[in-house]
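K.L.:
fold the following for me, if possible:
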Amino acid sequence: MAHPYHHAVRSARLFGGVPRDYLAIHEWFDESKAHIADIRHRALRHHSEGIFLCEAIFGTTLTNSIGKTIPVRTVGEQHVKDACFPMSFVMSQIKVLNAITFACIFYMRASNLKGCCQSPISIYPPNISIISPICYLVSAI
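P.N.:
Alright, predicted model coming up:
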C-alpha cells in the first residue's frame, strides 16, 4: 500500500469504524518516508520492535468511532503484514548485521587496516559500498 490512508481504510474494514480512527498509527509507521522516500524506509519501523514501540506510544488499545476497543499491537501487525509480508523480525536483521560485522573484521585483517570498524558513524572501510547496516538491510528487502 502506498499511503497511510490506504492502510487506515483497510483497518476500518477489518476492525470497524472509520479510517480516521487508525490514521495516526499508520502515519507513524510511515513517517520515515519523509527521509527515505522508497521501500528502504521500512527498515526503521516495519518489524516486531516497531510494532511494540507503536504500542508504547499509542497505548495498549484504542477505541474506534463505533465504540469498539482494538489492540494497538494488532493494528501495527496488520500494517507490517500488509507492507512487508512475511512479518519482519528484528532477529533476522541482527543476523544480517552480524554477517556485516564479520565481513568488516575479515576485510580489516586481510588489509591490515586499523580502526575502520570502530566508529559508529563510519564502520566500513572506504572502498566498501555499504554505508550503514540500515542501507544493507533495506537493499535485501
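
K.L.:
switch to C-alpha atoms for all contacts and neighbour counts from now on
P.N.:
OK.

K.L.:
show me where the protein has its helices.
P.N.:
4-15, 23-29, 42-45, 48-58, 72-84, 90-111, 133-139 (DSSP state H).

K.L.:
what residues of the first one count as buried?
P.N.:
Translated: helix 4-15. Under the neighbour-count criterion of 16 or more other CA atoms under 10 Å, helix 4-15 has Pro4, Tyr5, His7, Ala8, Val9, Arg10, Ser11, Ala12, Phe15 buried.

K.L.:
likewise for the fifth one?
P.N.:
The neighbour-count check on helix 72-84 (16+ other CA under 10 Å) flags Val72, Arg73, Thr74, Val75, Gly76, Glu77, Gln78, His79, Val80, Ala83, Cys84 as buried.

K.L.:
ok, so of these, who is nearest Gly50?
P.N.:
For Gly50, the nearest member of the buried residues of helix 72-84 is Gly76. The distance, counting by CA to CA, is 8.2 Å.

K.L.:
now for the closest one: which residues touch it?
P.N.:
Ile25, His26, Ile51, Cys54, Glu55 (CA atoms under 8 Å, 6 or more residues apart in numbering).

K.L.:
cool, Gln78 as well?
P.N.:
If you count contacts by CA under 8 Å, 6+ apart, Gln78 has them with Ser11.

K.L.:
distance of it from His35?
P.N.:
23 Å (CA to CA, to the nearest Å).

K.L.:
picking that back up, what's the farthest-apart pair in the contacts of Gly76?
P.N.:
Greatest spacing in the contacts of Gly76, by CA to CA: His26 and Glu55 (12.1 Å).
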